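[1] Can you look at this prediction? I've put the sequence above it.
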Amino acid sequence: MTQVEAPSNYLRLFKEFLRQSSINGLHPFLYPTPIRYAKALWLTLMAAIVVWTHVVIVNLTLEYLDQPTEIHMAPDLVHVANSPFPAVGVCTANKISQRLLRSYAVKL
């Protein structure tokens, strides 16, 4: 009698897992569908997506291991005061008055 109850217990636990799972795509297995092979097609699609994801991850890992990133420090360090700096112009909305500029130049 315990053998008969075990499959129904597993089925109940599996349905509870599907109901509370946060894995996207598992909820359609809980509900009845009018399309005959919809659940089988959905399971096949999900399995293909999982396999494809693993293939991509393995390929990216192998590519990373074949071509490792190298980082080198420059042997000649330059102080920030001696480093070349591009010209910077600051433009304000206030136009310079030529009259005030000439009067300031005369004072200098």
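    Sure thing, it's come through.

[2] before we move on, which element is the closest residue to L26 other than its chain neighbours in?
    Nearest residue to L26, sequence neighbours excluded (CB to CB, 6 or more residues apart in numbering): L18, at 5.0 Å. Where C-beta positions appear, they are placed from N, C-alpha and C, glycine not excepted. Element membership for L18, per DSSP states H and E: helix 2-20.

[3] So for the helix or strand just after that helix, mean pLDDT?
    Following helix 2-20 in sequence order, the next helix or strand is helix 38-66 (DSSP H and E). What helix 38-66 shows for mean pLDDT is 93.

[4] For helix 38-66, what is the distance to the chain centroid?
    17 Å (CA atoms, centre = their mean, to the nearest Å).

[5] what's the answer for stretch 34-46, then?
    Counting by CA atoms, centre = their mean, stretch 34-46 comes out at 29 Å from the chain centroid.

[6] give me the number of residues near L65?
    8 (other CB atoms under 10 Å).

[7] Distance of it relative to F14?
    38 Å (CB to CB, to the nearest Å).

[8] swap in E70?
    50 Å.

[9] so who does the residue minimising distance to the centre of the chain touch?
    In the chain, the residue lying closest to the centroid (CA atoms, centre = their mean) is I57, at 13.8 Å. By CB atoms under 8 Å, 6 or more residues apart in numbering, the contact list for I57 is empty.

[10] Number the residues from 673 up from this point.
    All right, first residue 673 from here; so that's I729.

[11] tell me the domain boundaries of this protein?
    Listed by automatic domain parsing, the domain ranges of the chain are 673-701, 704-740.

[12] Let's have these in a markdown table, adding distance to V760.
    Output for those, formatted as a markdown table (distance: least, CB to CB, whole Å):
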| stretch | distance to V760 |
| --- | --- |
| domain 673-701 | 51 |
| domain 704-740 | 38 |
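
[13] Looking at these, which is nearest to D748?
    The closest of the domains of the chain to D748 is domain 704-740. By CB to CB, the value is 25.3 Å.
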